[in-house]
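*Asks:* Sequence and predicted model, in that order:
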Amino acid sequence: MAMLQLTGVRKAFGDNVVLDGIDLTVSAGQMVCLIGASGSGKSTLLRCMNLLEPIDDGAILLDGTDISEPGRDPQPVRTRIGMVFQSYNLFPHMTARANVELAPRRVRGQSGAALSDRVAALFARFGLADRMEHYPDQLSGGQQQRVAIIRALAMAPEIMLFDEITSALDPELVGEVLDVLRQLRAEGMTMVLATHEMGFARELADTVCFLDRGRILESGPPARIFETPQEPRTRAFLSRVL
Amino acid sequence: MPTRREIFEARQRRRANLVAAGSTGLVVLAIVVLVPLAPGWEAVQRSFFNGEVFARTFPGLLNAFLMDIAIFAWCAPLIAAAGLLLAIARDLRAPALTPVKLAATAFIDIFRGLPVILVIYLIGFGIPGLGLPRPWNSPYLWGSLALILVYSAYVAEVIRSGIESIHDSQRAAAQSLGLSPRDTMRFVILPQAVRRVVPANMNLFIALQKDVALLSFIGPVEIFRQAGVYKSLLANFTPYVGAALIFLAITIPATRYADHLMSRQKRARS
Ligand SMILES: Nc1ncnc2c1ncn2[C@@H]1O[C@H](COP(=O)(O)OP(=O)(O)O)[C@@H](O)[C@H]1O
Ligand SMILES: [Mg+2]
């Protein structure tokens, strides 16, 4: 069934039309990868899904409810959608644990041993049990990004959005973050990723969407997109990055 | 074993220190030799640098400085609290709170735009002039209020610049977790902003410590006023020099400390 469904989503910044009629369906348990040149609208699309940007036209349905309705309170929706950013965006004045516990405390009203046990289990699950009391600047980029993922997961979201989460990392740290994504995939998490890791997309995605100037020019299973791309622009993009 | 580079750098450092010491010595020597040659030097020395007057008035000045410290001590926390509230009020986005936002903006613009001494005169003479009963006619009270009004406007602007310096991605991260705008401000933006502007605020509080002396114009007997009393009594300006030394003993270390914090922050962020 469709967990997240976008129809005719349009978004412009001034005269700059960044999303030009996006139709996209993400089913429960699926992993969808957005690929495309820098500036093609991948980040904007993810930010719109999480209501960080209001869309101009079209609709975004989460579990059948129109969450993009103008005037709707975005907060409850955001608690159901987790998001991880390219630049980690951890809160630098809080320990890793405090970063993770803030939203469950303030938004869900959780506290006490129930919360701290659950958070400790999350850290352990992603191999960071001994880093809980560290501040972000005491962690490597890969560790920071894993904490950012844990922080989003602590809200028990139904779907996770990842915006080029390995792009800011040193090459030798990319692997540990991709392993986390593999783990989530195996656990059946619904995910949408903007990524430049073509090998990873090919290995794990259910659907790959090629974005070009705010449109999904071509989408399908990774084998088809990567091996027999139909559009000349897709072919040109792939020949540049592969 | 020092490396070749370390040996070279040590030699460079020695030479630089030597040159610095030499040129400083020359300038000091010139001042010591030349200034006493000025025709009015003896008169100036007698009325500004009189050792006997200094020794007689210094304890009294120190005692009066306690009043400056007391005024500073009760104003500072109120300024910090009011500055924070004003900065938050100025950043309000809810339409219903627009009047609060406008009032905060007007307050900040007005009190940042006036000379401190003018505010002290207007409030310090104006309000007691209403004929209020004791203790409501105290110049200490209204003089302090004048300082609080002006300096909370400065502090508010500094904190607001701190809020604006926090990258938007921090707000996006907080919002994506479902935090309310209020919690985002309280737990994510403000703690970072306030930390970032600690050195700037320290400089403001150093300025406040000096401006406490302005209250002497409306009555309170603090160090500047006390120095004036001694000057009239002894027909000598040395008490003012004593007062200056007492101020410097506080403000120079505090300024150095603020600079140190500032450069440490700069290093931490680069
Ligand atoms: N907040 C914004 N204001 C104005 N223009 C923006 C903003 N965010 C993105 N854009 C523009 O939208 C276009 C797509 O950007 P983005 O979604 O970041 O692409 P991608 O993530 O694929 O590199 C770019 O031309 C960019 O300049
Ligand atoms: Mg992007």
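*Replies:* It's in. Ligands and ions are numbered 1, 2, ... in the order given.

*Asks:* max-length helix in the chain?
*Replies:* Picked chain A for this. Longest helix in chain A by number of residues (criterion: DSSP state H): helix A:171-186.

*Asks:* try again with chain B
*Replies:* helix B:51-90.

*Asks:* Name the next helix or strand downstream of that one, please.
*Replies:* Toward the C-terminus, helix B:51-90 is succeeded by helix B:98-112 as the next helix or strand (DSSP states H and E).

*Asks:* name the helices or strands packed onto that following helix?
*Replies:* helix B:51-90, helix B:139-165 (3 or more C-beta pairs under 8 Å, 6 or more residues apart in numbering or on different chains; DSSP states H and E). Where C-beta positions appear, they are placed from N, C-alpha and C, glycine not excepted.

*Asks:* right, so these: which one is the most enclosed?
*Replies:* Most buried of these by mean neighbour count (mean count of other C-beta atoms under 10 Å in any protein chain shown) is helix B:139-165; its value is a mean of 21.

*Asks:* Off-centre distance for that helix?
*Replies:* Centroid separation for helix B:139-165 versus its chain: 11 Å, with C-alpha atoms, centre = their mean, to the nearest Å.

*Asks:* got a list of what residue 82 touches?
*Replies:* Let's take chain A. A:152-153, A:155, A:157, A:159-161, B:176 (C-beta atoms under 8 Å, 6 or more residues apart in numbering or on different chains).

*Asks:* that's the wrong chain, I wanted chain B
*Replies:* Contact analysis of B:Ala82 by C-beta under 8 Å, 6+ apart lists B:148, B:152, B:155-156.

*Asks:* any chance of these in JSON lines, plus distance to B:Ile252 and pLDDT?
*Replies:* JSON lines is the format used below for these (distance: C-beta to C-beta, whole Å; pLDDT from 0 to 100):
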{"residue": "B:Ile148", "distance to B:Ile252": "25", "pLDDT": "97"}
{"residue": "B:Ser152", "distance to B:Ile252": "26", "pLDDT": "97"}
{"residue": "B:Val155", "distance to B:Ile252": "22", "pLDDT": "97"}
{"residue": "B:Ala156", "distance to B:Ile252": "27", "pLDDT": "97"}
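
*Asks:* which residue packs closest to A:Arg125, ignoring adjacent ones?
*Replies:* Once flanking residues are discounted, A:Arg125 sits nearest to A:Gln183: 7.9 Å by C-beta to C-beta, 6 or more residues apart in numbering or on different chains.

*Asks:* Next to chain A, which bits of the stretch 101-250 of chain B? Give me the list.
*Replies:* By C-beta under 8 Å from any C-beta of the partner chain, the residues of the stretch 101-250 of chain B that approach chain A are B:169-170, B:172-180, B:183, B:187-188, B:191-192, B:195.

*Asks:* Could you pick out the buried ones from those?
*Replies:* Neighbour-count burial (16 or more other C-beta atoms under 10 Å in any protein chain shown) applied to those gives B:170, B:172-179, B:183, B:187-188, B:191-192.

*Asks:* which other helices and strands contact the helix or strand hosting A:Leu217?
*Replies:* For A:Leu217, the host element (DSSP H and E) is strand A:215-220. Contacts defined by 3+ C-beta pairs under 8 Å, 6+ apart place strand A:215-220 against strand A:16-27, strand A:207-212, helix A:232-241.

*Asks:* quick one, which of those is packed in tightest?
*Replies:* Looking across those with neighbours counted as mean count of other C-beta under 10 Å, the highest average goes to strand A:207-212: a mean of 23.

*Asks:* Could I get the contacting residues of residue 216?
*Replies:* If you meant another chain, say so; for now it's chain A. The contact partners of A:Ile216, taken as C-beta under 8 Å, 6+ apart, are A:22-24, A:209-210.

*Asks:* I was after chain B.
*Replies:* By C-beta under 8 Å, 6+ apart, the residues touching B:Ser216 are B:222, B:224-225, B:228.

*Asks:* What about those, which one has the most neighbours?
*Replies:* Within those, most neighbours by other C-beta atoms under 10 Å in any protein chain shown means B:Glu222, with 25 neighbours.

*Asks:* What is the burial count for A:Glu53?
*Replies:* What A:Glu53 shows, counting by other C-beta under 10 Å, is a neighbour count of 18.

*Asks:* where does chain B dip in pLDDT?
*Replies:* Low-confidence segments of chain B (pLDDT under 70): B:269-270.

*Asks:* who in it is up against ligand 1?
*Replies:* Residues of chain B lying close to ligand 1 (C-beta under 6 Å from any ligand atom): none.

*Asks:* give me the residue from the stretch 101-250 of chain B nearest ligand 1.
*Replies:* B:Asp168 (8.7 Å; C-beta to the nearest ligand atom).

*Asks:* That residue and A:Ala12, how far apart?
*Replies:* 19 Å (C-beta to C-beta, to the nearest Å).

*Asks:* Kindly indicate which of the contacts of B:Ser216 lies nearest chain A.
*Replies:* Closest approach between these and chain A, by C-beta to the nearest C-beta: B:Glu222, at 38.5 Å.

*Asks:* so the closest one makes contact with B:Ile69?
*Replies:* No: B:Glu222 lies out of contact with B:Ile69 (C-beta atoms under 8 Å); the separation is 9.2 Å.

*Asks:* How about the residues of chain A by ligand 1?
*Replies:* Residues of chain A lying close to ligand 1 (C-beta under 6 Å from any ligand atom) are A:13, A:16, A:18, A:36, A:38-44.

*Asks:* Let's see that with 5 Å instead.
*Replies:* A:13, A:18, A:38-44 (C-beta under 5 Å from any ligand atom).

*Asks:* got a markdown table for these, with distance to B:Arg160 too?
*Replies:* Formatted as a markdown table, those follow (distance: C-beta to C-beta, whole Å):
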| residue | distance to B:Arg160 |
| --- | --- |
| A:Phe13 | 26 |
| A:Val18 | 31 |
| A:Ser38 | 34 |
| A:Gly39 | 33 |
| A:Ser40 | 36 |
| A:Gly41 | 33 |
| A:Lys42 | 34 |
| A:Ser43 | 28 |
| A:Thr44 | 29 |
